[in-house]
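Colleague: Fold the stuff below for me.
(2 chains)
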2 protein chains.
Amino acid sequence: MSHLSAQYSSTLRVHLDDRPGSFARLAQAIGDAGGLLDAIDLVRVERGTKVRDVTLLASDPAHLESILAAVGALPGVEVEHVADRTFHLHEGGKIEVTPKTPLKTRDDLSMAYTPGVARISSAIAERPELVWDLTAKRNAVAVVTDGTAVLGLGDIGPEAALPVMEGKAMLFKEFGGVDAWPLCLATKDVDEIVAAVAAIAPGFGGINLEDISAPRCFEIEERLRGQLDIPVFHDDQHGTAVVVLAALLNALRVVGKRPEDIKVVLVGVGAAGTAISKILLAAGVSRLVGCDRMGAIHSGQAGLDARLAEYAKLTNPDGERGSADDVLAGADVFVGVSGPGAVSADAIGRMAEGSIVFAMANPTPEVHPEDIHDVAAVIATGRSDYPNQINNVLAFPGIFRGALDVRAAAITEEMKLAAAHAIAGMISADELGPEYVIPAVLNRDVAPLVAAAVASAAERSGVARLPAAP
Amino acid sequence: MSHLSAQYSSTLRVHLDDRPGSFARLAQAIGDAGGLLDAIDLVRVERGTKVRDVTLLASDPAHLESILAAVGALPGVEVEHVADRTFHLHEGGKIEVTPKTPLKTRDDLSMAYTPGVARISSAIAERPELVWDLTAKRNAVAVVTDGTAVLGLGDIGPEAALPVMEGKAMLFKEFGGVDAWPLCLATKDVDEIVAAVAAIAPGFGGINLEDISAPRCFEIEERLRGQLDIPVFHDDQHGTAVVVLAALLNALRVVGKRPEDIKVVLVGVGAAGTAISKILLAAGVSRLVGCDRMGAIHSGQAGLDARLAEYAKLTNPDGERGSADDVLAGADVFVGVSGPGAVSADAIGRMAEGSIVFAMANPTPEVHPEDIHDVAAVIATGRSDYPNQINNVLAFPGIFRGALDVRAAAITEEMKLAAAHAIAGMISADELGPEYVIPAVLNRDVAPLVAAAVASAAERSGVARLPAAP
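Modeller: From the prediction side, this is the model:
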């Protein structure tokens, strides 16, 4: 299934014969080809010709090509050039470094740089904690990746990962006021990654690990958490877990169930799946069955690696066996962080009354919402074109904002739970419904509330260097 | 000697009795205490009282204290608070990360982040060179230090070095339009530094090494230059060398001498001194005598380490021996990058007619300009309060701008020489004089000219990925 999307939007500069109906014919041709006309700007009028910039949405590159062909075939229309808006937007990168104060006069220079800056450096050398007051560390987060598990693209390397990390940095600033800079590492070696991140840590108030493949991501995060006195947070794990819990808390309100009473089946025990499992257990869920390609993970199973053996110990209390479809029978909640087709619509139909389905594989969900509308009470996906989009953007800007605000030394389980409850709490009882269990990704009220909740939780956890604002 | 400086400026919020002459008394007290009144702002008028913000310059912290004591003792004056402007300016850091495009709508998000960003990542994964077109790498420089040789402060550590690196990042943007981010490393180990910088390199178009102590800086730079396909430039060495050469070229024009004919004595063969020596040799100087604390370095000398033995081979062709003062006799140029008192005013007096003295120790020059005014034809220092300030700000923004503009793989000797000639060429024959051999640090015309010269030189050197602009 394909949707008209801004990601495939292009701006055409067209020369149109200045006669009645010529623009209408252009619009008609675009519409007939299935394109959506967006912005239309007049660039200039030449003799007998109008030059316009026409922005349109297509559903994929081939679709765009076919629209352009249709437009090009029109009499009285000449296409000067076509700008792919997504590529155009990325030209030269999406972030920059900006001075916060002017540097125009000798006095500016003598305060911000030499000789005055020596006073600041000396002050920090004498009292190291002043680095939090007098430098950008207070607000800076490194977005670190090795490019091994980027979006749905896999191991595409550090250079190809950079646009994603820049996008992340934009979101950090836009929603959390956090100054994030991408560090895309030219190594996949766990020791080297840990050493590089530990080396660059002094200038940052937090480390956001991103798109690092499992199982290396677990060891990297654990070792860095042990070494550093600033938060280390693998967003693919914990950001996802926080938003899933938030959505689940609200979905349970919709169907009138409690975490303690439900059975959850989770498919895909990778980075995100492991973290989601842990936060669900912390939130009170006891009957949780995790599945990988071999089916339900259970403690009697032979050949489990250390990580899955540990997982088996913490989950599946009844020792259920079988495929994901099998163990879904009678379950209350399905959480999918795997791939399309991991469970069947039929199996969803055999879940308990008031079933909750989070099918988060991207871009194609584990099971199509259209196929389970009749049987599932609440459906959420990772996509923006269905209701209830589970998106990390709801979590990480506020979590880091809150952590930085109290100069937290770590992000604790308590802080993550607080973030999830804050996100869930954004939706009042009046607003809550099967198609609205999680706030919209562009809701700017989310991050400040998450930040406040996280800061308070940091203080309660004993990792805050500053008290949380009252 | 101490100067009133903006680095010690403070803003006092004072409550003044609203009677004739009360402000005059305040101004008088500040003047009597040796302070310089700068900005005066009226904050508000209360019953019988005017509240003003009074900014003043002092020469050092003790001086500021004495001025505040004098003000505090005045009748009818109450000091509400005192803000140290340099500390105030550093509060929360001096740089931030800013999105270059808005992120307000779903369409923005779908182009700059998911799902659209996957198209960009895929494009780079297929054609790696596109990372230069579609990411911030094109304009990004890492400012890397281990905090071991920061300003005149020495080994103060990565945290205390951060304000200096932030200042550097401001200068990069302000003068070169370069996005520089500081990376202050928590290690002094050469292998670890090389590994960390090599690891983070993919996201950057250049590496500016900064304030790393000798001799480690030589090995770190050399190894990184060997490993990376982007410029690696230790500014303390090469930036200084470029500006020294620029000033020397002009000083020689003033006294009517040629590089080939002169004898240069250089004192302080550390990071900067070594690089200055090399660029002077490359510029045609043949009679160069380097001195350390033991005096003139010569190839017959016992106990030289490998680096100094190499240095001895390249310099001091006549095998001169003795102290710096000794070998200065009859020399045309003195270059000091050591410390106060490294040479005597008497020895400067024994230099050849038309002598050129660059006494660049900071903050106190090797020999005081006041003591040699009669005997030296051209004097330059590192300070802003004498004519002819030798300051790296004249070089590094333009050098990196030029290198990034052509996506240079390295910064070659030819590029450095081109930068020096471009800086020197800023001063026309009409303007040139003993007190004006180098442009002012805030001259915004310098960096673009340096960039153009460096870009062309990169092309000639064969390290440019793009042609230089014509």
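Colleague: show me what contacts A:Glu459?
Modeller: A:406, A:467-468 (C-beta atoms under 8 Å, 6 or more residues apart in numbering or on different chains). C-beta: built from backbone N, CA, C; applies to glycine.
Colleague: Of the residues you listed - the most surrounded one?
Modeller: In terms of neighbour count, A:Val406 stands highest of these at 22 neighbours, by other C-beta atoms under 10 Å in any protein chain shown.
Colleague: Could you tell me how far the residue positioned nearest the centre of chain A is located from chain B?
Modeller: Centroid-nearest residue in chain A, with C-alpha atoms, centre = their mean: A:Asn392, separated by 3.4 Å. In this structure, A:Asn392 and chain B are 10 Å apart, going by C-beta to the nearest C-beta, to the nearest Å.
Colleague: Is it correct that that residue is in contact with A:Ala246?
Modeller: No - with contacts counted by C-beta atoms under 8 Å, A:Asn392 stays clear of A:Ala246, the gap being 11.1 Å.
Colleague: before we move on, the earlier item: how close does the residue nearest to the centre of chain A get to A:Ser456?
Modeller: 22 Å (C-beta to C-beta, to the nearest Å).
Colleague: Also A:Phe358?
Modeller: Noted for A:Phe358: a distance of 28 Å to A:Ser456, by C-beta to C-beta.
Colleague: which one of these two has more residues nearby?
Modeller: A:Phe358 (29 against 21).
Colleague: Backbone torsions only: list them for the more buried one.
Modeller: Per-residue torsions, A:Phe358: phi -110, psi 100 (degrees, to the nearest 10).
Colleague: Check which residues of stretch A:261-270 are buried.
Modeller: Using 16 or more other C-beta atoms under 10 Å in any protein chain shown as the test for burial, stretch A:261-270 gives A:262-270.
Colleague: so where's chain A shaky on pLDDT?
Modeller: Scanning chain A for pLDDT under 70 picks out A:1-2.
Colleague: give me the element the closest residue to A:Ala58 other than its chain neighbours is part of.
Modeller: Residue nearest to A:Ala58 in three dimensions, not counting chain neighbours: A:Leu64, with 3.9 Å by C-beta to C-beta, 6 or more residues apart in numbering or on different chains. In this structure, A:Leu64 sits in helix A:61-72 according to DSSP states H and E.
Colleague: residues of that helix that come out buried?
Modeller: Quick answer for helix A:61-72 (16+ other C-beta under 10 Å): A:63-64, A:67-68, A:70-71.
Colleague: and of these, the nearest to chain B?
Modeller: When the buried residues of helix A:61-72 are ranked by distance to chain B (C-beta to the nearest C-beta), A:Leu64 comes first, at 11.4 Å.
Colleague: Could you verify my assumption that the closest one touches A:Leu57?
Modeller: No - between A:Leu64 and A:Leu57 there is no contact under C-beta under 8 Å: 9.1 Å.
Colleague: rewinding a little: what are the contacting residues of the helix holding A:Leu64?
Modeller: Helix A:61-72 is touched from outside by A:2, A:8, A:10, A:12, A:14, A:26, A:29-30, A:32-35, A:56, A:58, A:77, A:79, A:82, with contacts defined as C-beta under 8 Å, 6+ apart.
Colleague: distance between that helix and the chain's centre?
Modeller: How far helix A:61-72 lies from its chain's middle: 32 Å, per C-alpha atoms, centre = their mean, to the nearest Å.
Colleague: how far off helix A:61-72 does whichever helix or strand comes after it point, in degrees?
Modeller: Next helix or strand after helix A:61-72 toward the C-terminus (DSSP H and E): strand A:77-84. With axes from the mean of the first three to the mean of the last three C-alpha atoms, to 10 degrees applied, the angle from strand A:77-84 to helix A:61-72 works out at 160 degrees.
Colleague: residues making contact with stretch A:281-300?
Modeller: Here stretch A:281-300 makes contact (C-beta under 8 Å, 6+ apart) with A:245, A:248-249, A:258-260, A:262-269, A:273, A:277, A:280, A:304, A:308-309, A:311-324, A:326-327, A:331, A:413, A:417, A:420.
Colleague: and the longest strand anywhere in chain A, which strands flank it?
Modeller: For chain A, the longest strand by residue count, based on DSSP state E, is strand A:5-17. If you go by DSSP bridges, strand A:5-17 pairs up with strand A:49-58 (antiparallel), strand A:77-84 (antiparallel).
Colleague: re the thing from before, which of the contacts of stretch A:281-300 count as buried?
Modeller: Buried among these (16+ other C-beta under 10 Å): A:245, A:248-249, A:259, A:262-269, A:273, A:277, A:280, A:304, A:308, A:311-312, A:315-316, A:320, A:323-324, A:326-327, A:331, A:417, A:420.
Colleague: Now, those that are in strands?
Modeller: A:263-267.
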